[in-house]
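K.L.:
Predicted model, plus sequence, below.
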Amino acid sequence: MRIHFIAVGGSAMHNMAIALSKKGNEVTGSDDAIYEPSRSRLSKQGILPAQMGWFPENITPDIDAVVLGMHARVDNPELLRAQELGLKVYSYPEYIYEQSKEKVRIVVGGSHGKTTITSMILHVLKKCGKEFDYLVGAQLEGFDTMVQLSDAPIIVIEGDEYLASPIDRRPKFHLYQANIGVISGIAWDHINVFPTFENYVEQFEIFLQTIVPGGAIVYNSSDVIVDQVAAKADPGLLRIPYDLPSFYTLKGTTYLRTDTNEYPLEVFGKHNLQNIEAAHGVCTQLDISDEQFYDAISSFKGAAKRLELLGKNVSTAVYKDFAHSPSKLKATVDAVKEQYPERELVAVIELHTFSSLNKDFLREYEGSMNRADVAAVFINRRTFEQKQLEPYEEDIVRQAFGNEELKFFNEPEILVEFLSSINYNSKNLLLMSSGDFGGLDLSQIAEKALTH
């Protein structure tokens, strides 16, 4: 088939373009700017656009499918040309479904833990020698790309609740028609799209309605909202609730207890233990035995940027994490504090997303950093300008977080100066953001902390 990608440089888009090219399709693409690592990966596969920009002449009647990325606008010249010619225009989740109609589709949804649960399932399936395809939102160790499309009988999909495309306002995870659906937790997010908490919760109710008849739902029964949503689902669906498994921590290692054995884990934190049980519920439906599952999961090291260890010595560990929403922030802070109860914790969060920078949403963060011994919030002054939002002062941030001792920084250089002034003996450092801390080199910060 001949497939053209509009806004091919996006994270999921370029990975899917590569996957379809490897499958033998003729793939072309366009974008107004493409950055690393997308640029090198597309170039290696021979599908990097010759020049940046939108060119209506790229769109010809012999194209079988046009895939539209979220980065494109509704008035994109190539999109308008495709519509004029009557070509079929897909969002990328729609096209993933087109490529997986005959497969067993596992769709992992939830406000937090999606990438980690998806990664855990992939890790176990690979260890157990199963053939599978996947779509995941992070680069994983042992996997070349974030998307694979082949003739495998199973596909595991990270089910994002954000919008499918500029011309399709449905959440992505509504479009996959899962055989097995997962909901890890529900905590209000994406307020620019879902203006009320009730509207946000409704998207998960609709997600369960899209599961095929005779399918299954794996859900976090300890989350009250998730439990309520699951209760409304079609009674014909197989229900697989999960909660926190039995575990203990000894000398910085977490051990998971089953009825027959104990398994040391590479990951830690109650949220990750719940994520393991979500993955377990899915893998059981894929004919993986309990022993096979726990043997495999004990070697899982985590997804990129999810409690990723930047370095450690005998008295200090430095982690970075993708946490940005209030629920993710609290879970990550709690996890590090519980893993190292004898050490103080210096925790820094960069507020970067549209939701987190919204003054009205900010109060959702109340109490989320209370277990940190030193808590700091960083908002790059330029981020307000880029998102065309009105800046607010540190008093508003302290009040919203409910922490009068909270440190506040809006210049990267001043944040580095502060972090460099701390003696990290018997302290851990946790750096959290979905952004880039204003371009700071986190590895360099970690190195300084470990040699302080």
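P.N.:
All right, it came through fine. Being a predicted model, the structure only gives us computed values, none of them experimental.

K.L.:
now residue 169, what's its secondary structure?
P.N.:
Under DSSP: H, G, I helix; E, B strand; the rest coil, the three-state class of residue 169 is strand.

K.L.:
Tell me the pLDDT of it.
P.N.:
On the pLDDT scale, residue 169 is placed at 91.

K.L.:
Does the residue nearest to it when sequence neighbours are not counted have any beta-bridge partners, and if so which?
P.N.:
Nearest non-adjacent residue to residue 169, counting by CB to CB, 6 or more residues apart in numbering: residue 163, 5.5 Å away. No exception for glycine: its C-beta is placed from N, CA and C like everyone else's. Beta-bridge pairing for residue 163 (DSSP bridges): residue 171.

K.L.:
so what's the spatially most central residue of the chain up against?
P.N.:
Nearest residue to the geometric centre of the chain (CA atoms, centre = their mean): residue 115, 4.4 Å. Residues near residue 115 by CB atoms under 8 Å, 6 or more residues apart in numbering: 136, 137, 138, 158, 303, 306, 322.

K.L.:
quick one: which of those sit in strands?
P.N.:
residue 158 (DSSP state E).

K.L.:
Okay, buried residues for stretch 324-331 please.
P.N.:
324, 325, 326, 327, 328, 329, 330, 331 (16 or more other CB atoms under 10 Å).

K.L.:
Only alpha carbons, please: show it as PDB.
P.N.:
Provided in PDB are the C-alpha atoms of stretch 324-331 (Å, rounded to 0.1, in the frame of the first residue of the first chain):
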ATOM      1  CA  HIS A 324       3.800  15.700  36.100                       C
ATOM      2  CA  SER A 325       0.100  15.300  37.200                       C
ATOM      3  CA  PRO A 326      -0.700  15.500  40.900                       C
ATOM      4  CA  SER A 327      -1.400  11.700  41.300                       C
ATOM      5  CA  LYS A 328       1.900  10.800  39.500                       C
ATOM      6  CA  LEU A 329       3.800  13.300  41.500                       C
ATOM      7  CA  LYS A 330       2.500  12.000  44.900                       C
ATOM      8  CA  ALA A 331       3.000   8.300  43.900                       C
END
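
K.L.:
from the middle of its chain, how far away would it be?
P.N.:
Using CA atoms, centre = their mean, to the nearest Å, the mean C-alpha position of stretch 324-331 is found 13 Å from that of the whole chain.

K.L.:
likewise stretch 5-21?
P.N.:
With CA atoms, centre = their mean, you get 18 Å for stretch 5-21.

K.L.:
end to end, how far does stretch 42-49 reach?
P.N.:
Length of stretch 42-49, first residue to last, CA to CA, to the nearest Å: 8 Å.

K.L.:
Which ones among the buried residues of stretch 324-331 map onto helices?
P.N.:
Using DSSP state H, the subset of the buried residues of stretch 324-331 located in helices is 326, 327, 328, 329, 330, 331.

K.L.:
Just send the residues you listed back as CSV, with pLDDT too.
P.N.:
Supplementary listing: these in CSV, determined by pLDDT from 0 to 100:
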residue, pLDDT
326, 91
327, 87
328, 87
329, 92
330, 92
331, 89
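
K.L.:
Let me know the closest of those residues to residue 277.
P.N.:
Using CB to CB, residue 331 comes nearest to residue 277 of these, at 14.8 Å.

K.L.:
For the closest one, which non-adjacent residue is closest in space?
P.N.:
residue 271 is the one closest to residue 331 (CB to CB, 6+ apart), at 4.1 Å.

K.L.:
Heading C-terminal from the host helix or strand of the one you found, find the next helix or strand.
P.N.:
Assessed by DSSP states H and E, residue 271 sits inside helix 270-285. Using DSSP H and E, the helix or strand that follows helix 270-285 in sequence is helix 290-297.

K.L.:
Please identify the buried residues of that next one?
P.N.:
Buried residues in helix 290-297 (16+ other CB under 10 Å): 293, 294, 296, 297.

K.L.:
now stretch 76-86
P.N.:
Buried residues in stretch 76-86 (16+ other CB under 10 Å): 76, 77, 78, 79, 81, 82.

K.L.:
For it, what is the distance to the chain centroid?
P.N.:
On CA atoms, centre = their mean, the centre of stretch 76-86 falls 31 Å from the chain's centre.

K.L.:
Stretch 344-358 now?
P.N.:
So, by CA atoms, centre = their mean, the centroid of stretch 344-358 is 16 Å from its chain's centroid.

K.L.:
Can you get me the start-to-end distance on that stretch?
P.N.:
Start-to-end, stretch 344-358 (CA to CA) is 30 Å.

K.L.:
now swap in stretch 275-294 and tell me
P.N.:
13 Å.

K.L.:
cool, stretch 63-76 as well?
P.N.:
So stretch 63-76: terminal residues 17 Å apart, CA to CA.

K.L.:
what does stretch 57-76 give?
P.N.:
13 Å.

K.L.:
neighbouring contacts of that stretch?
P.N.:
Contact partners of stretch 57-76, identified using CB under 8 Å, 6+ apart, comprise 1-10, 13, 16-17, 28, 30-31, 54, 78-79, 81-82, 85, 87-92, 95, 98, 162-167.

K.L.:
how close does the closest residue to residue 213 other than its chain neighbours get to residue 229?
P.N.:
Nearest non-adjacent residue to residue 213, counting by CB to CB, 6+ apart: residue 236, 6.3 Å away. Separation of residue 236 from residue 229 (CB to CB, to the nearest Å) stands at 16 Å.

K.L.:
So the two - more neighbours on which side?
P.N.:
Taking other CB atoms under 10 Å, residue 236 and residue 229 do not tie; residue 229 has more neighbours (21 against 9).

K.L.:
so that one makes contact with residue 201?
P.N.:
Yes. When contacts are counted by CB atoms under 8 Å, residue 229 is listed as touching residue 201 (6.6 Å).

K.L.:
Overlap in contacts, these two.
P.N.:
Both residue 229 and residue 201 are contacted by residue 186, under the criterion CB under 8 Å, 6+ apart.

K.L.:
Show the contacting residues for residue 357.
P.N.:
351, 379, 383, 384, 387, 389.

K.L.:
Which of the residues you listed fall in helices?
P.N.:
Those of the contacts of residue 357 lying in helices (DSSP H): 383, 384.

K.L.:
Please enumerate the strands of the stretch 351-452 of the chain.
P.N.:
According to DSSP state E, counting those that start in this stretch, the stretch 351-452 of the chain carries its strands in the segments 374-378, 407-409, 427-432.
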